[in-house]
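Visitor: model the following, please.
(4 chains)
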There are 2 protein chains.
Amino acid sequence: MQQEKLATIEDVAAMAGVSIATVSRAINEPTKVADATRRRVTDAIARTGYTTNAMARSLRMRRSNMILILAPDVGDPNFSNILVGLETEASKRGYGLLIGNTQNDPSRETDYLRFISSNQADGLILFTGHLPYGLSQSPPAARLPPMVAVNEPVIGKGVPFVGVDNFEGARVATEHLISQGHRRIAYIGHAPHREVSRLREEGYRAALAGAGLTADPRLVIDGDGTTESGRAAAELMFVRDALPTAFFCVNDATAMGVMIALNARRYELPRQFSIMGFDDISFASFLTPSLTTMKQPRHRMGEAAMDLLLALLAGEEPTSREVLLRAELIVRNSVSRPSNQ
Amino acid sequence: MQQEKLATIEDVAAMAGVSIATVSRAINEPTKVADATRRRVTDAIARTGYTTNAMARSLRMRRSNMILILAPDVGDPNFSNILVGLETEASKRGYGLLIGNTQNDPSRETDYLRFISSNQADGLILFTGHLPYGLSQSPPAARLPPMVAVNEPVIGKGVPFVGVDNFEGARVATEHLISQGHRRIAYIGHAPHREVSRLREEGYRAALAGAGLTADPRLVIDGDGTTESGRAAAELMFVRDALPTAFFCVNDATAMGVMIALNARRYELPRQFSIMGFDDISFASFLTPSLTTMKQPRHRMGEAAMDLLLALLAGEEPTSREVLLRAELIVRNSVSRPSNQ
DNA sequence: ATCAGTGATGTAAAGGTTTTCATGATTGGT
DNA sequence: ACCAATCATGAAAACCTTTACATCACTGAT
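Guide: Prediction:
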């Protein structure tokens, strides 16, 4: 049983004493071939160790059963967990995943589109929040390849989106702080043009409004989502001498920065200040105090996005162009009732 | 310029007034075609928007320019950073990456091998530390597909390996502790069958031996690499009342567990106990005290592994079957001179 | 006994490349 | 001026499937 040449469908056909068409049918539409014949074929397949050549198959069928993932940074744990969800669903449905790490480099984005245009991938999952460079200037008439945005929506291009309900999540988080008795609650956001941050800020404001409160402008600061920006934002409030009793941060990294600033100033947490994050990154539970936060259902997001894309590929019109999953409140130890009520 | 049917090589040939063979040559071996003709062809390519159909190309050439990555968990930041390195190098050399998340499930490992046997991938990168299930029982005579193990070696199968020099790294780490004056140094390891842990323990012992010290058996404990196991190991030492002045942990997660245990017992760090980890995970610098550790050159590991695999694919005999990169000592604040010298 | 319908199989085309081999044209050396 | 060598190109085979269409043998109804 030499591996020199891989067995082809012809070898199988010869061994089973049928034509290659019958072998193909026995594999792909088993009901269309007589029982006895089918047995002979499956037997021959087993004996030869035959596997269909995916290249030939894709060439003929004009589809590859591959999905291209375009992400700025696959190393980001934020993405990689969604990736696992994408992979789970894709693999279950017989699809493979091709990864394209773009590092936000337009030329790399364009470059990866060759997988689409060369038929090497049937569809596209976008983590980038924008159309890949090579597609963005096309007139809207030009048909786009089937694609789904995940985590970060592509605004105004009609790209179906799967993500977390940021507005709702931020509202739940803020309401949690309010329910503990907080009235002066700060919000530390991302750059304002980021859709994610805008929605979370709106959710924050909605929760305040719902409790008859209004946001103190001095307590709403835009950072850039990094730990350092969280630290800087907290410091800024001390300098301005406009202090909240609780901080709601656009993400856990920012929350960690706030905690670092407060620890450095020797405040006791959460007694003197409460802190909430968003994301539930892997070490949120290991901070001191462990961080109360909103957990993103990343695995499910990946599955849902892939499911939507595969439906698109199957020609189904999606029931909705936007799937929003709920973030889950994870209560830990960084929130308590305010001391100086 | 309708996108209905993609332009084929034939369209280009017709427009340029040459045969398809010439078009193919103009693309792949430009020197072999006359200047004037080449210009006409490139012009026609631009006008038609032609892209080579990768399926047809792969079918004919019997290779796909794709590499399959087999990893137990792509979400693990430990892996994902290496993945970025793999991707960088692969993309630079015109290869694409296919990801296979196996979750250590033998059936998924076997399943993913179909990409190899169906010619959809030319080579294999193994993160799993063992041959994929479908290959492991083959007689050694059966030729294995080209593959390279990364991060975790595949023992005894002659699979080329790219990883960090664990022995050397552990020695450097331990020597760092010794240089600070520590004499009683604990080692908290992984499960002993893990090659990684075994090598780091050896490096630890070598450093001790080099300084004329021997390891106190009560200070060498096997955990499982989790934060919880680090906590438990430290507790165990308190229960046994056999205490070191410094802990060297097989990884940062374990070190974090040790820090949690010591913090809970209200020790002041690093004054009363020094701690070293291994890995330099993303939040090592955010712990209090920030963690002194050995940084793994993950990005470079990925690049080196891909480079090695592509050399293998090109038919070159690898210069060495093992590439070990040095870990880098990252000095932060979790190590000081022992107080009770 | 005939005919329509059904079911199982085979033939051959199509999918889009790369590459071997052949052909003709051109060059350069004598 | 001729021959050999080189160069540029084209025709056609090969890569391995899937599938439309044709064929043939049956079944069951008239």
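
Visitor: what helices and strands are in contact with the helix or strand that contains residue A:10?
Guide: According to DSSP states H and E, residue A:10 maps onto helix A:9-16. Packing partners of helix A:9-16 (3 or more CB pairs under 8 Å, 6 or more residues apart in numbering or on different chains; DSSP states H and E): helix A:20-28, helix A:35-48. All C-beta spots, glycine's among them, are computed from the backbone N, C-alpha and C.

Visitor: now, of these, which is deepest in the fold?
Guide: helix A:20-28 (a mean of 18; mean count of other CB atoms under 10 Å in any protein chain shown).

Visitor: for residue A:146, see how far away the closest residue to residue A:104 other than its chain neighbours is.
Guide: Leaving out its chain neighbours, the residue that sits closest to residue A:104 by CB to CB, 6 or more residues apart in numbering or on different chains is residue A:72, at 4.8 Å. Note on residue A:72: its distance to residue A:146, by CB to CB, to the nearest Å, is 21 Å.

Visitor: circling back to that earlier point, counting neighbours, which bits of the helix holding residue A:10 end up buried?
Guide: By 16 or more other CB atoms under 10 Å in any protein chain shown, the buried positions in helix A:9-16 come out as A:9, A:11, A:12, A:13, A:15, A:16.

Visitor: CA atoms of it as PDB?
Guide: In PDB, the C-alpha atoms belonging to helix A:9-16 read as follows (Å, rounded to 0.1, in the frame of the first residue of the first chain):
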ATOM      1  CA  ILE A   9     -11.600   8.300  -7.900                       C
ATOM      2  CA  GLU A  10     -10.600   6.300 -10.900                       C
ATOM      3  CA  ASP A  11      -8.700   3.800  -8.800                       C
ATOM      4  CA  VAL A  12     -11.800   3.300  -6.700                       C
ATOM      5  CA  ALA A  13     -14.000   2.900  -9.700                       C
ATOM      6  CA  ALA A  14     -11.700   0.300 -11.200                       C
ATOM      7  CA  MET A  15     -11.600  -1.700  -8.000                       C
ATOM      8  CA  ALA A  16     -15.300  -1.500  -7.600                       C
END
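
Visitor: tell me what angle it forms with helix A:20-28.
Guide: Put simply, helix A:9-16 runs at 100 degrees to helix A:20-28, going by axes from the mean of the first three to the mean of the last three CA atoms, to 10 degrees.

Visitor: who's in contact with the residue of the stretch 201-341 of chain A found nearest DNA strand C?
Guide: The nearest approach of the stretch 201-341 of chain A to DNA strand C comes at residue A:313, 18.7 Å away (CB to the nearest atom of the strand). Applying CB atoms under 8 Å, 6 or more residues apart in numbering or on different chains, we find residue A:313 in contact with A:122, A:123, A:146.

Visitor: show me these that map onto strands.
Guide: In strands, defined here by DSSP state E, the members of the contacts of residue A:313 are residue A:123.

Visitor: now neighbour count and distance to chain B too, for the contacts of residue A:313, in a markdown table please.
Guide: Output for the contacts of residue A:313, formatted as a markdown table (neighbours: other CB atoms under 10 Å in any protein chain shown; distance: CB to the nearest CB, whole Å):
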| residue | neighbour count | distance to chain B |
| --- | --- | --- |
| A:122 | 22 | 11 |
| A:123 | 20 | 15 |
| A:146 | 19 | 14 |
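
Visitor: dump the contacts of residue A:313 into TSV; add distance to residue A:326 as well.
Guide: Formatted as TSV, these follow (distance: CB to CB, whole Å):
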residue	distance to residue A:326
A:122	30
A:123	26
A:146	26
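
Visitor: would you list every one of the helices in the stretch 51-200 of chain A?
Guide: Remark: helices assigned in the stretch 51-200 of chain A by DSSP state H, counting those that start in this stretch are A:54-61, A:77-92, A:106-112, A:114-117, A:133-136, A:166-179, A:195-210.

Visitor: ok, the helix holding residue A:10 near DNA strand D or not?
Guide: Yes: Helix A:9-16 lies within reach of DNA strand D by CB under 7 Å from any atom of the strand, at A:9, A:10.

Visitor: that helix vs helix A:54-61, what angle?
Guide: 100 degrees.

Visitor: excluding chain neighbours, what is closest to residue A:32?
Guide: Nearest to residue A:32 is residue A:25, by CB to CB, 6+ apart, at 5.1 Å.

Visitor: ok, the one you found touching residue A:31?
Guide: No: in this structure residue A:25 lies outside contact range of residue A:31 using CB atoms under 8 Å: 9.2 Å.

Visitor: that older thread, for the residue of the stretch 201-341 of chain A closest to DNA strand C, phi and psi?
Guide: Dihedral angles of residue A:313 (phi, psi; degrees, to the nearest 10) stand at phi -60, psi -30.

Visitor: what's the separation between it and residue A:94?
Guide: Shown here: residue A:313 relative to residue A:94, a distance of 12 Å by CB to CB.

Visitor: skipping its backbone neighbours, what lies nearest residue A:192 in space?
Guide: Nearest non-adjacent residue to residue A:192 (CB to CB, 6+ apart): residue A:222, at 5.4 Å.

Visitor: so what's the one you found up against?
Guide: Residues in contact with residue A:222, defined by CB under 8 Å, 6+ apart, are A:188, A:189, A:190, A:191, A:192, A:197.

Visitor: per-residue confidence for it?
Guide: Looking at residue A:222, its pLDDT reads 92.

Visitor: what of the one 10 residues further on?
Guide: Residue A:232 carries a pLDDT value of 94.

Visitor: can you count the residues close to it?
Guide: Applying other CB atoms under 10 Å in any protein chain shown, we find 18 residues neighbouring residue A:232.

Visitor: contacts only, for it.
Guide: Contacts for residue A:232 (CB under 8 Å, 6+ apart) come out as A:223, A:257.

Visitor: and what of residue A:159?
Guide: Contacts for residue A:159 (CB under 8 Å, 6+ apart) come out as A:126, A:131, A:144, A:147, A:148, A:149, A:153, A:321.

Visitor: distance of it from chain B?
Guide: According to CB to the nearest CB, to the nearest Å, residue A:159 and chain B sit 18 Å apart.

Visitor: ok, now residue A:337?
Guide: Taking CB to the nearest CB, one finds residue A:337 at 24 Å from chain B.

Visitor: that older thread, list only buried entries from the contacts of residue A:159.
Guide: Using 16+ other CB under 10 Å, the buried ones in the contacts of residue A:159 are A:126, A:131, A:147, A:148, A:149, A:153.

Visitor: select from the residues you listed every entry located in strands.
Guide: Among the buried ones among the contacts of residue A:159, the members falling in strands (DSSP E) are A:126, A:147, A:148, A:149.

Visitor: what's the closest of the residues you listed to residue B:204?
Guide: residue A:126 (46.1 Å; CB to CB).

Visitor: okay but the closest one is in contact with residue A:150, surely?
Guide: Yes: with contact defined as CB under 8 Å, residue A:126 reaches residue A:150; the gap is 7.0 Å.
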